[in-house]
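Novice: Next comes the sequence, and after it the predicted model I'd like to discuss.
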Amino acid sequence: MSDRDDGQKQPNPWSERQLDEDRRRAETRFREQRMLEPLEQYLDRFDAIARSVESILEETGDFARLRERAVDILSDPVKREVFRYLAGPPISEDDLKVLVDARSLAPTTIRVDDAMVDRLVATIRDGLDRRRFPWVHEQRTATAVEVRAAIVATTALMATQRVATARRNEGKQEQERLVRDTLTSVGFAEVEIPGKIVRNIAAAPLPGQFCREVMFGERKADLVVGLWDRRIMPIECKVSNSSINSVKRLNNDAVVKATVWRRHFGELNVVSAAVLSGVFKLHNLQQAQHHHLSLYWAHRLSDLTDWMRARDLDTNSSDDPARCVAPVPVVWATTHRPRRYGIRCPFRHFARCVVTGQ
């Protein structure tokens, strides 16, 4: 990725051919990783969930005593999740709160609010999946075959959702670790931002530093990097498992954040970027670039570090000490030591840059 020569250099957008080649490579890597995922992860979750589903059916007499056992079921986090999955389709916890007009579904609340428990049971009974639990609608006793089929169907729904959620979370966490390790390997130092809030450029990481998981202006950023030329690069890590999902991850999230950051901090101060892996549509990638989001791929992070290194060289090219990126006054000593007190002087061909703090 080359630069635009506009005084403050920005990464040039990738060409259509380059984007298409890299998105195909990322998609191939995604398929390979999915096929290597051990079946045991799904089966372990399946077995654990099946025990909870079977327990609920036994405790309630195949739902005949659902209200009687509701408080105990809803007070157990795992069984409460099963409770939500009895409906067809399953009801999220947030939606369930809205449906029963509850601020909280915490066990302490459930144990003292009988009226809310009544509403919870009524909501699930009204939404009970008739295909999985036909005996309830038909007001008869369940057969052993029906009970077994209901357990398997409910367990499969929950296990599949848990695996998908874990995959997304683990994929994003792995990508963030990869970016962090890459930055560290080329000389950037990780720092902690007080309160994990960056309201202005002065509160951002210094040149040669980065932080993770902070509020950057009005939006949360996965990483925020202090570039050697004093600009700031917020980085979003995006893992997509489908082209439809890529719209949400990239265009409806990362692009929106980039727009907000440019407005909040100024377009000359911020270079917004996204590191991508998984499945993305070419059109969505092009659209993201059009909205000033620089794209890099997890399978080739050298593009990102090469661009950052070029900013370092640009800064070092001047013999003017006034261009030192150290944010405090400096004096020049006679010995050659380019680092001191954690502040990096870019003029390695100069004498030591000593922070005076005066």
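Specialist: Structure's in. What do you need?
Novice: tell me the contacts of Ser75?
Specialist: By C-beta atoms under 8 Å, 6 or more residues apart in numbering, Ser75 lies in contact with 107, 110-111. Backbone N, C-alpha and C define where each C-beta goes, glycine included.
Novice: quick one: which of the residues you listed is nearest Val136?
Specialist: When the contacts of Ser75 are ranked by distance to Val136 (C-beta to C-beta), Ile110 comes first, at 22.5 Å.
Novice: so the closest one is in which element?
Specialist: helix 107-112 (DSSP states H and E).
Novice: out of the contacts of Ser75, which are buried?
Specialist: Buried members of the contacts of Ser75, scored by 16 or more other C-beta atoms under 10 Å, are Ile110.
Novice: Now the element after the helix holding Ile110, going C-ward?
Specialist: helix 114-127.
Novice: pLDDT and distance to Val275 added to the contacts of Ser75, as JSON lines?
Specialist: Putting the contacts of Ser75 into JSON lines (pLDDT from 0 to 100; distance: C-beta to C-beta, whole Å) gives the following:
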{"residue": "Pro107", "pLDDT": "91", "distance to Val275": "40"}
{"residue": "Ile110", "pLDDT": "92", "distance to Val275": "42"}
{"residue": "Arg111", "pLDDT": "92", "distance to Val275": "46"}
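Novice: As JSON lines, the contacts of Ser75 with distance to Asp44 would be great.
Specialist: What follows is the contacts of Ser75, written out as JSON lines (distance: C-beta to C-beta, whole Å):
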{"residue": "Pro107", "distance to Asp44": "26"}
{"residue": "Ile110", "distance to Asp44": "29"}
{"residue": "Arg111", "distance to Asp44": "31"}
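Novice: Now do the same contact list for Met233.
Specialist: Neighbours of Met233 in contact, by C-beta under 8 Å, 6+ apart: 224-225, 227, 270-273, 308.
Novice: export the residues you listed to JSON lines and tack on distance to Glu40, pLDDT and neighbour count?
Specialist: What follows is the contacts of Met233, written out as JSON lines (distance: C-beta to C-beta, whole Å; pLDDT from 0 to 100; neighbours: other C-beta atoms under 10 Å):
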{"residue": "Val224", "distance to Glu40": "38", "pLDDT": "98", "neighbour count": "25"}
{"residue": "Val225", "distance to Glu40": "38", "pLDDT": "97", "neighbour count": "24"}
{"residue": "Leu227", "distance to Glu40": "44", "pLDDT": "95", "neighbour count": "21"}
{"residue": "Val270", "distance to Glu40": "44", "pLDDT": "96", "neighbour count": "24"}
{"residue": "Val271", "distance to Glu40": "43", "pLDDT": "96", "neighbour count": "27"}
{"residue": "Ser272", "distance to Glu40": "40", "pLDDT": "97", "neighbour count": "26"}
{"residue": "Ala273", "distance to Glu40": "36", "pLDDT": "97", "neighbour count": "21"}
{"residue": "Met308", "distance to Glu40": "40", "pLDDT": "92", "neighbour count": "20"}
